[in-house]
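Undergrad: No letters, just coordinates:
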């Protein structure tokens, strides 16, 4: 534990743990297509004592990631699992023949896989029964791994827990139902209900289960060593519990967040534009996001390392005639706008998340710089095409005559969950 601040060293009684990153909560914040069709490349930073940052050769086409105490797990595009890093309890020894996996979680010294058929597979350390999956457990839609305990969310909105219960972390509150996501810290458990409220139980030595009064409209949750994090539907983040290293001090003005992760003493947020923000304990660089990191579709946090999944969509930025903010693109209402961009190569025509592209009205700023759309097209409806000769996509956006006098933000949300927007003013 050399290099740890005294405040952290006192609490990291061996063995140490990360809060398990909850894959399903993340997937709920991203278009379902993000993990169903788009693959990515693993990027990791922070402490590398056990090689937890060293992605094995041949591990590519990744669809989901999870970080445990000092190990990393991924789901590959074929539904199989790869793991690397610390392995003293067999936590990276993926069971032979494991396939058809839809979600993963890494705990203290154990790991979990959720299969497409709703069953759970667990391996690694089992000194507290944390890998003893209850007989007959099925209909599971989400999993979470704590220090020495495990949680499973069933399709009916109820939670099942097993393993260490020394501080009540597997004592699911009586009558708890309507749950849509779960998260596990070292010794506490968290549930997000479908009404946007949060319930927490287990250890509370740092206030980690003291859910803020009136907290609502939550869309995702994460649990750290002694802190808990909630992502609200408006893209803002709320955190509570231990903040000895600033892990609950959410950066001022942080917004546009779509996923969160919590390590032992650091917190990570993934923004809608595919960029990452991190704060808290940083002695090993775990909160130092690599310069220029972008196109990120998923994040996870280990004890002192952070893992991100970079999409294989490489958005070029908007190409002429459309300009990105702060410029406001001006044109006649009712005209067709050729919105051009590149994703690095031909990704087919299923590149947008359901319901996108989408536009909404925004206030017109008289002081904003403007640029005339110099080229419009006649269009009966919106459409998408790919030009192999220029390696670019063109989305023809059919605007409405009724938008005259309005300003609107057009948002392209891709199948990897990343969003890019442009603002238009209509005459």
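TA: It's in. For clarity, every value in this text was computed on a predicted model and none was experimentally measured.
Undergrad: Show me what residue 223 is bridged to.
TA: residue 228 (DSSP bridges).
Undergrad: hmm, I was thinking of residue 152
TA: residue 143, residue 160.
Undergrad: need the strands for the stretch 151-300 of the chain, in chain order.
TA: In the stretch 151-300 of the chain, the strands defined using DSSP state E, counting those that start in this stretch lie at 159-163, 179-184, 188-193, 198-202, 218-223, 227-232, 237-241, 257-262, 266-271, 276-280, 296-301.
Undergrad: where's residue 63, which helix or strand?
TA: strand 62-67 (DSSP states H and E).
Undergrad: Could you tell me the angle between that strand and strand 296-301?
TA: 20 degrees (axes from the mean of the first three to the mean of the last three CA atoms, to 10 degrees).
Undergrad: just checking, what packs against strand 62-67?
TA: Packing partners of strand 62-67 (3 or more CB pairs under 8 Å, 6 or more residues apart in numbering; DSSP states H and E): helix 23-29, helix 33-36, strand 40-46, strand 71-76, strand 101-106, strand 296-301, strand 305-311. C-beta: built from backbone N, CA, C; applies to glycine.
Undergrad: Comparing those, which comes out most buried?
TA: Ranked by mean neighbour count, those are led by strand 296-301 with a mean of 29 (mean count of other CB atoms under 10 Å).
Undergrad: and that one, which strands flank it?
TA: Here, using DSSP bridges, strand 296-301 pairs with strand 305-311 (antiparallel).
Undergrad: what mean pLDDT does the strand it pairs with have?
TA: Strand 305-311 shows an average pLDDT of 98 in the prediction.
Undergrad: how big is the angle separating it from strand 40-46?
TA: 160 degrees.
Undergrad: Going by neighbour count, list what's buried in stretch 408-424.
TA: For stretch 408-424, burial by neighbour count (16 or more other CB atoms under 10 Å) applies to 408, 410-424.
Undergrad: do stretch 58-68 as well
TA: For stretch 58-68, by 16+ other CB under 10 Å, it's 62, 63, 64, 65, 66, 67, 68.
Undergrad: of all these, which two lie farthest apart?
TA: Pairwise distances across the buried residues of stretch 58-68 peak at 18.1 Å for 63 and 68 (criterion: CB to CB).
Undergrad: Contact partners for residue 232?
TA: 217, 218, 219, 238 (CB atoms under 8 Å, 6 or more residues apart in numbering).
Undergrad: quick one: residue 341 from residue 412, how far?
TA: 8 Å (CB to CB, to the nearest Å).
Undergrad: Mind listing the shared neighbours of the two?
TA: Listed contacts common to residue 341 and residue 412 are 395, 420; contacts here mean CB under 8 Å, 6+ apart.
Undergrad: Tell me what angle the strand holding residue 63 forms with strand 71-76.
TA: 160 degrees.
Undergrad: Do me a favour and average the pLDDT over the one helix or strand residue 123 maps to.
TA: Following DSSP H and E, one finds residue 123 within strand 120-124. On average, the pLDDT along strand 120-124 is 98.
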